[in-house]
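>>> coordinates for the following, if possible.
(2 chains)
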2 protein chains.
Amino acid sequence: MSEVHVARRSRLRADSASAGGTALVVTRPANVRYLVGAAPAGSVLLVGHAGDDVLLTHWDPATDQEEVVSRTAESGGLRTAVLDDDTDPAVAAAGLAAEAGAESVAVEEHHLTVARHRALTATVPGPRYTDLGFAVERQRLVKDEDEIAALRVAAEITDRALGELLESILVGRTERHLALELERRLIDHGADGPAFRTSVATGSHSGLAGHRPTDRRVEEGDFLTVCLGARFRGYRCQIGRTFVIGTSPADWQIELYEVVFAAQRAAREALAPGAECRAVDAAARQVLAAAGHGRALGPLTGRGVGLEIGEDPRLSPAAMGRLGACVPVTVEPGVHLPGRGGVRIDDTLVVRPPADGGPELLTITTKELLAL
Amino acid sequence: MSEVHVARRSRLRADSASAGGTALVVTRPANVRYLVGAAPAGSVLLVGHAGDDVLLTHWDPATDQEEVVSRTAESGGLRTAVLDDDTDPAVAAAGLAAEAGAESVAVEEHHLTVARHRALTATVPGPRYTDLGFAVERQRLVKDEDEIAALRVAAEITDRALGELLESILVGRTERHLALELERRLIDHGADGPAFRTSVATGSHSGLAGHRPTDRRVEEGDFLTVCLGARFRGYRCQIGRTFVIGTSPADWQIELYEVVFAAQRAAREALAPGAECRAVDAAARQVLAAAGHGRALGPLTGRGVGLEIGEDPRLSPAAMGRLGACVPVTVEPGVHLPGRGGVRIDDTLVVRPPADGGPELLTITTKELLAL
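Here you go, the predicted structure:
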């Protein structure tokens, strides 16, 4: 992996510092991890203008620092500096850049706080400070095959955890317990941890995006919505499914499920390199609107995933831009009827050209309406 | 609770806006929660210069917005404004303040990013922008009896979850599974969730602060360190204990345990209103140094707890300031011997004057060296 990270930093340097003499100070954790392969808490990456990269970190007893140091040291052209507790690694990074003669230092102004930025410019007043902006995030948008392989494993783990839950008895158990059990199963199957807080929603809670599990128990006749994902080597996927508890779904449940399923399929089928992000969103939204649920959908039909849940792109009515190949996204429409419940169906897919078989579905748990 | 929050906002207004004409924009989530009683994701509190307070929030399907609105609406003098997805609540708050004639707007520069601050001043250029600094954090330092009651419940839940674990068979189980089981038990006993990531460390990992659970299994003869805490009504406590697995601890284990226990007791006994924070730290550090472990301790002997783990005060060699009554802190020294393992003993206590019986121990699980 080390060559991968060297190449990523070279590309960032080439894209961001074309004027020369600009050092880059990367503070956002997912960005540090992308460029180095590890991101100890609070660590900061200096991408030097002359290829002299340094990872600056506090001694963190929670990570095996020796491992980080050796892992990053082998990562070609990267030094690691362990700082005492009172030094802000970003200040130390700017100091090193100034010593090395950098004329300007680009920082992530969307991540640095005002107070920290002021401390930086006051303590290391030499260089000119500019905004690195979302340069690393832009680079993270299109995934390489190693990243997609990690997402694929994350999805396999997630499908397995969900599959096991479906074989167990659900009636009478609380949302909280089902969520904890799913997280335990994710770890059993090799996840680093959950990709995000597992959501389990039953009865009138079903169909709500991001519902926080409560002590409500699963009852006969409920819709049950689960939304979970594994984190594997830092990469995060997402699946959401809605089931019916008991033997025979009610008519309104079948109808609602079919509408959300049709909306989700329409958005999935709209995924293609070159497709407008808002056209994918519109594909789902139109199906829901035609069925009278035009206002039920939240601001997003889906979003990018990778080292974070909720990266770019956004599949929303106001989204600008088009999809590229090898961009993983979720498609996650839902409808919630207040007081009754609702349906969400979420998948993680990778955008692929039609010649390669179209969008690659990573989360393969069935989307039939199962009665459990 | 609503009067409590009104009083907190009045006090903040009195402390921070004595010049008059200054509106306060509070963005840090724990600070919003402290002043309102709820903090939907991304919400921002405007504390108006004329007593016109507004909670600005995005529609968040993950929280029951109606509940938030009604809970905050009843909270005397507080309006709630739900914004569309594209509006930064901080910008909207500054806009309201400007409309209401505020001459200046104080923001939390230690929380707002440079990019967000720039958007604020560009979109609402009228008022002068100043730094609110840590005004809310300072107010949060000394807890009222309701807050301490919530911490007490959190500690009871934590003790109970830990006590149950000690009755189960531990040998052969992995750190990850023990951590998950502890978190499940916290929720069983009424916690909102864990206060922080539960740490379970066995064998050579034992005694490490913040160790992330791995697949290592508990073995006979191991030290086993667990560190956990419940979150109850937003308040977070912390307990850490170290046990020996098997019937007879080795001599080195008994010796090391006694040293850490003596250091922890010395720091606990040094807690008193008016005591210097660094004197409490020194009390633990001197005991460890006398036993030849002077360099084993990390930067902190303990720290404040409340709505966050790791609030002020810090009990460290460089800490300025003195303790006050009704300030809850952890005392959490540890020694880790590389390759062998170590001991940590963490408690949560409330500083009380000697006349009230001295420091109040919230986490009451025994600190005898148990062989499990």
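>>> got phi/psi on whichever residue of the stretch 151-300 of chain A sits closest to chain B?
When scored by CB to the nearest CB, the stretch 151-300 of chain A has A:G210 as its residue closest to chain B, at 3.4 Å. Using the backbone N, CA and C atoms, a C-beta is placed for each residue, glycine as well. Here is the backbone geometry of A:G210 (degrees, to the nearest 10): phi 70, psi 20.
>>> report pLDDT for it.
Looking at A:G210, its pLDDT is 87.
>>> which bits of chain A sit near chain B?
Chain A has residues A:60-63, A:85-86, A:107, A:109-118, A:131, A:176-177, A:180, A:183-184, A:187, A:199, A:208-212, A:298-299, A:318, A:336 near chain B, with proximity defined as CB under 8 Å from any CB of the partner chain.
>>> of these, buried ones?
If you count burial by 16 or more other CB atoms under 10 Å in any protein chain shown, the buried members of the residues of chain A next to chain B come out as A:60-61, A:63, A:107, A:109-117, A:176-177, A:180, A:183-184, A:187, A:199, A:208-212, A:298-299, A:336.
>>> from A:V105, how far off is the nearest residue to A:S104 once chain neighbours are set aside?
Ranked by CB to CB, 6 or more residues apart in numbering or on different chains and with sequence neighbours excluded, the top spatial neighbour of A:S104 is A:R128, at 4.2 Å. If you measure A:R128 against A:V105 using CB to CB, to the nearest Å, the figure is 7 Å.
>>> who's more crowded, those two?
Comparing A:R128 with A:V105 by neighbour count (other CB atoms under 10 Å in any protein chain shown), the higher total belongs to A:V105, at 26 against 12.
>>> what count of nearby residues applies to A:S316?
A:S316 has 22 neighbouring residues, counting by other CB under 10 Å.
>>> and if you look at A:T27?
Around A:T27 sit 23 other residues, with neighbours defined as other CB under 10 Å.
>>> mind listing what the nearest residue to A:D131 once chain neighbours are set aside touches?
Setting aside the residues directly before and after it, A:D131 is nearest to A:E109 in space (CB to CB, 6+ apart), at 4.4 Å. A:E109 makes contact with A:H117, A:D131, A:L132, A:G133, B:T113, B:V114, B:A115, B:R118 under the criterion CB atoms under 8 Å, 6 or more residues apart in numbering or on different chains.
>>> now the fourth one: phi and psi?
Put plainly, it is A:G133. Per degrees, to the nearest 10, the residue geometry at A:G133, taken as phi and psi, is phi 60, psi -150.
>>> for it, which residues are in contact?
By CB under 8 Å, 6+ apart, A:G133 lies in contact with A:E108, A:E109, A:H110.
>>> circling back to that earlier point, I'd say the residue nearest to A:S104 and A:A106 touch.
No. In terms of CB atoms under 8 Å, A:R128 does not count as a neighbour of A:A106; the distance is 9.6 Å.
>>> residues in a beta bridge with the residue sitting nearest the centre point of chain A, which ones?
Averaging the C-alpha coordinates of chain A gives a centre point, and the residue nearest to it by CA atoms, centre = their mean is A:I309 (2.0 Å). A:I309 has the following beta-bridge partners by DSSP bridges: A:V305.
>>> what about it, distance to A:A30?
When CB to CB is applied, the distance between A:I309 and A:A30 equals 11 Å.
>>> cool, A:A150 as well?
When CB to CB is applied, the distance between A:A150 and A:A30 equals 14 Å.
>>> how about A:G229?
Using CB to CB, which is the criterion applied here, A:G229 is 16 Å from A:A30.
>>> which members of the residues of chain A next to chain B occur in strands, if any?
When DSSP state E defines the strands, the subset of the residues of chain A next to chain B inside them is A:V107, A:D131, A:S199, A:H336.
>>> will you turn those into TSV that also has pLDDT?
Listed next are those as TSV, based on pLDDT from 0 to 100:
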residue	pLDDT
A:V107	97
A:D131	96
A:S199	96
A:H336	94
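>>> if we can go back for a sec, higher neighbour count, A:A150 and A:A30?
Each of A:A150 and A:A30 has its neighbours counted (other CB under 10 Å); A:A150 has more, 20 against 17.
>>> residues touching the more buried one, list them.
The contact partners of A:A150, taken as CB under 8 Å, 6+ apart, are A:F232, A:R233, A:G234, A:Y235.
>>> mind running it again at 6 Å?
Remark: with contacts taken as CB atoms under 6 Å, 6 or more residues apart in numbering or on different chains, A:A150 is in contact with A:F232, A:R233, A:Y235.
>>> again with A:T174
Remark: with contacts taken as CB under 6 Å, 6+ apart, A:T174 is in contact with A:D215, A:R217.
>>> is it in a bridge, and if so with what?
The bridge-partner assignment for A:T174, based on DSSP bridges, gives A:R217.
>>> how much space between it and B:L120?
Counting by CB to CB, the separation of A:T174 from B:L120 is 42 Å.
>>> still on that earlier bit, in helices, which of the buried ones among the residues of chain A next to chain B fall?
In helices, defined here by DSSP state H, the members of those are A:V114, A:A115, A:R116, A:H117, A:R176, A:H177, A:L180, A:E183, A:R184, A:I187.
>>> now those residues as JSON lines including pLDDT?
Below are those laid out as JSON lines (pLDDT from 0 to 100):
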{"residue": "A:V114", "pLDDT": "97"}
{"residue": "A:A115", "pLDDT": "96"}
{"residue": "A:R116", "pLDDT": "96"}
{"residue": "A:H117", "pLDDT": "97"}
{"residue": "A:R176", "pLDDT": "90"}
{"residue": "A:H177", "pLDDT": "89"}
{"residue": "A:L180", "pLDDT": "89"}
{"residue": "A:E183", "pLDDT": "91"}
{"residue": "A:R184", "pLDDT": "89"}
{"residue": "A:I187", "pLDDT": "90"}
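>>> could you give the mean pLDDT of stretch A:359-372?
Confidence over stretch A:359-372, taken as the mean pLDDT, stands at 95.
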